[in-house]
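Engineer: can't give you the sequence, but here's the structure:
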């Protein structure tokens, strides 16, 4: 029998979905260390320097620093390591991916002497701002069963709504519940249909209370999250130089978001009073979005060696669409060896808008003639300005309340330097990004360092960098019921190669 995927629109039910969460909002709007190998070698401390294609994405005035036309492409070998701790059990997951992480070019136009506008530049640059290709695994023995998630969603809903009518299929009722009662009712139905939960009074169609069939005791759990996809930014840039001293620039940015996340939990128990001994619950979430933003930037040459920079980055205004498909498999001792509930319904959630917080950056750099430089960037961003919205204004009220109460202003610091020896350049950098959460146990600060070198011959430049970063955070398994948390240390190690051409 062929599996037919049916589309089901869950407009008003988006409030009850675990798809549109605040943590996902931060994930979608955040950025990793991005760009060319030179930019990454200095940990992104380029706000007062310019002369790098990825630096244009940080300060639009950077493009006019180039002495001539230039183009570059960057290949990244991107690695991540998630080490989890869940009720004393440690699990490590390592991932590696290869991607084109930057590509772009700049055109520079010199003005005749004694003109106020001494130089003009136009550029187009692509940066992979966040790579979602990764997986993490959480294993351990918990005192709470995943059945609690289904119980919390089922309680309060009459048994009659979970009971199949003659000729009605699981897909029919699952779709009806989503459209008329919401996502939570679908979760309760999955638990009931898979025998994971039972009504207190099976003979009463108005029954609204349910009990778990996984018994009392401990539960061995294996929780897997696998994601693929990306967040990218294309910057359309123009900049000019005034009197050979002040650089001004503007970026118009187009953002693209594409992610697929597969989440699976497997649970087993040997509890004496359990009639369900094994559970597997799978969810696949599909996310697509587009956004726009702009940036204004300035770079000034205060002296021959000292430069300053300032950048304002607007919020990014995203429009996001999400959909989800689910299935559950249980082993039931008194009914059948295996019960599979696979509705083959793709839930389409109402499109929504997501506004990221804007930022302001101040920068300073000192140029040691032709031998090297030191640079520092300081950025502030108010994460309490993150906002969800939709045509049904009440849907994201809880998300926005959580943001107001739990997120705060955070700063980031980036320091970088390079030293030149003939055709070689040696580079290094350090960065620190504060957590957006008031409670640092949910997410800690990020720290990282970077190293790199470059070699130039003729009109061709080769840059190679290595960067490492790490951050602790807490992963909650489900939004209700099984709301236990695992501690996770995320480490990222990236090797990036850029080939550039002076044109």
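Structural biologist: Yes, it's here. Note that the coordinates shown come from a computational prediction; the quantities given were computed from them, not determined experimentally. Residues are numbered from 1 along each chain as shown.

Engineer: switch to C-alpha atoms for all contacts and neighbour counts from now on
Structural biologist: Noted.

Engineer: Now do the helices in the stretch 151-300 of the chain.
Structural biologist: With DSSP state H, counting those that start in this stretch as the criterion, the stretch 151-300 of the chain has helices at 170-180, 183-193.

Engineer: model confidence over the last one, on average?
Structural biologist: Read that as helix 183-193. What helix 183-193 shows for mean pLDDT is 95.

Engineer: That helix to helix 170-180, inter-axis angle?
Structural biologist: 150 degrees (axes from the mean of the first three to the mean of the last three C-alpha atoms, to 10 degrees).

Engineer: starting at the chain centroid, how far to helix 183-193?
Structural biologist: 28 Å (C-alpha atoms, centre = their mean, to the nearest Å).

Engineer: and that helix, what other elements does it pack with?
Structural biologist: helix 147-154, helix 170-180 (3 or more C-alpha pairs under 8 Å, 6 or more residues apart in numbering; DSSP states H and E).

Engineer: So which of the ones you listed is the most surrounded?
Structural biologist: Ranked by average neighbour count under the criterion mean count of other C-alpha atoms under 10 Å, the helices and strands packed on helix 183-193 are headed by helix 147-154 at a mean of 22.

Engineer: if you average pLDDT over that helix, what comes out?
Structural biologist: For helix 147-154, mean pLDDT is 96.

Engineer: residues making contact with it?
Structural biologist: Outside helix 147-154, the residues that touch it by C-alpha atoms under 8 Å, 6 or more residues apart in numbering are 184-185, 187-191, 196-197, 208-214, 478, 480-482.

Engineer: go again using 10 Å as the cut-off
Structural biologist: 16, 162, 183-192, 196-199, 208-215, 267, 276, 279, 478-483 (C-alpha atoms under 10 Å, 6 or more residues apart in numbering).

Engineer: Bridged to the residue lying closest to residue 289 once chain neighbours are set aside, which residues?
Structural biologist: Spatially, and ignoring its direct neighbours in sequence, residue 289 is nearest to residue 320 (4.2 Å; C-alpha to C-alpha, 6 or more residues apart in numbering). When assigned by DSSP bridges, residue 320 has beta-bridge partners residue 289, residue 352.

Engineer: which residue sits farthest out from the middle of the protein?
Structural biologist: In terms of distance from the mean C-alpha position of the chain, residue 114 ranks first, at 48.3 Å (C-alpha atoms, centre = their mean).

Engineer: hang on, the earlier thing: ok, now how distant is the residue nearest to residue 289 from residue 445?
Structural biologist: Separation of residue 320 from residue 445 (C-alpha to C-alpha, to the nearest Å) stands at 28 Å.

Engineer: For these two, indicate the residue with more neighbours.
Structural biologist: residue 320 (21 against 17; other C-alpha atoms under 10 Å).

Engineer: Now render the helices and strands packed on helix 183-193 as TSV, adding distance to residue 78.
Structural biologist: Putting these into TSV (distance: least, C-alpha to C-alpha, whole Å) gives the following:
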stretch	distance to residue 78
helix 147-154	35
helix 170-180	39
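
Engineer: Compare those and give me the one nearest residue 136.
Structural biologist: Within the helices and strands packed on helix 183-193, the stretch nearest residue 136 is helix 147-154; the backing value is 21.0 Å (C-alpha to C-alpha).

Engineer: Now do that closest one against helix 183-193, angle only.
Structural biologist: Going by the same axes, to 10 degrees, helix 147-154 makes 120 degrees with helix 183-193.

Engineer: show me the contacts for residue 453.
Structural biologist: Applying C-alpha under 10 Å, 6+ apart to residue 453 gives the contacts 37-38, 41, 418-420, 424-428, 462-466.

Engineer: Let's verify the residue nearest to residue 144 when sequence neighbours are not counted: helix, strand, or coil?
Structural biologist: Once flanking residues are discounted, residue 144 sits nearest to residue 482: 6.3 Å by C-alpha to C-alpha, 6+ apart. Assigned with DSSP: H, G, I helix; E, B strand; the rest coil, residue 482 falls in the coil class.
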